[in-house]
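1. sequence and computational prediction follow.
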Amino acid sequence: MYLSDRDLKFAVETGQLIVSPAPEEYDTTSIDLHLDNVDQAKIWNVEAFRQKQADAGNDSWLRVGKYKYRTFSQEFYQNVPENSSSSNLVYRNGDRVILRPRGFLLWQTREAVGTPEIDPRLICFINGKSSSARSGLLVHMTAPTIHAGWWGQITLEIANLGPFDLCLAEGDAISQIVVATISSPPTKRKKEGIAIGQRTVSGNTGSN
């Protein structure tokens with residue numbers, strides 16, 4: 001069963017649902033999530049990865065089913081460049097990020113979202129917003145579920161599939177969560193994956 005606005009508000013107020021800072025308003029069945037500080041926006045340093053592979057005599061592809069995301073991201077993500085040259089599909093313009101067609105970046109939510117580690121009763125799903133999607137903005141591609149018993153700032157995968165150069169800034173609401181009840185609390189906790197309480201796009205709980 002999905003929660004309505006009154007149920008979402010009650011769940012936040014009683015601690016069954018973590019949204020911090022707390023929402024200023026609730027939609028009928030969702031809560032908007034906002035982009036964090038622009039310094040948290042990251043892109044992949046593809047050239048550094050390719051050079052490391054070449055130096056090691058390896059192929060230049062990423063073995064996506066085997067890599068360890070947290071270790072990999074700390075080595076190969078980088079800040080969004082200020083340079084707006086034609087080769088940069090993502091670049092900064094002051095406090096804004098410009099996302100050209102085919103551009104891709106990672107940017108976390110301002111809000112920490114999820115459910116308590118002990119006795120969770122809810123599960124959350126991250127969606128994009130239709131108004132943004134119609135411009136070609138794709139948000140949080142293939143992993144919409146925030147599993148019961150996990151919480152943290154959400155790393156959004158953001159891509160531009162449309163024809164326009166898109167401008168994004170801190171505080172923009174380009175994603176939302178919907179929340180449902182689960183039949184009973186899980187008997188196990190996930191021991192691997194992204195850290196509970198993550199505060200960075202790398203999945204770490206620290207500030208860097």
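-> In hand now; what should we look at?

2. what about Leu106, which helix or strand?
-> For Leu106, the host element (DSSP states H and E) is strand 104-114.

3. and that strand, how far out from the chain middle?
-> Taking C-alpha atoms, centre = their mean, to the nearest Å, the mean C-alpha location of strand 104-114 is offset from the chain mean by 4 Å.

4. do I have it right that Ile126 meets Thr142?
-> No: counting by C-beta atoms under 8 Å, Ile126 does not reach Thr142; the two are 11.0 Å apart. (Glycine included, C-beta is placed from N, CA and C.)

5. and the two? which has more neighbours close in?
-> Using other C-beta atoms under 10 Å, the more surrounded residue of Ile126 and Thr142 is Ile126, with 19 against 5.

6. could you pull up phi and psi at that one?
-> Dihedral angles of Ile126 (phi, psi; degrees, to the nearest 10) stand at phi -100, psi 130.

7. quick one, grab the pLDDT at it.
-> At Ile126, the pLDDT value in this model is 96.

8. try Ala173
-> Per-residue confidence (pLDDT) for Ala173: 96.

9. does the residue lying farthest from the centre of the chain sit in a helix, a strand or a coil?
-> Computed with C-alpha atoms, centre = their mean, the residue of the chain farthest from its C-alpha average is Gly57, at 33.1 Å. Put simply, Gly57 is coil when judged by DSSP: H, G, I helix; E, B strand; the rest coil.

10. can you give me the strands in the chain?
-> For the chain, the strands defined by DSSP state E occupy 18-20, 31-33, 42-44, 77-79, 90-93, 96-99, 104-114, 122-128, 137-139, 145-146, 151-160, 166-169, 175-181.

11. can you list the buried residues in the fourth one?
-> It refers to strand 77-79. Neighbour-count burial for strand 77-79 flags Tyr77 (criterion: 16 or more other C-beta atoms under 10 Å).

12. what pairs with that strand, parallel or antiparallel?
-> strand 42-44 (antiparallel) (DSSP bridges).

13. and the strand it pairs with, how far out from the chain middle?
-> 13 Å.

14. equivalent analysis for stretch 61-76, please.
-> 17 Å.

15. with that, I have no additional questions.
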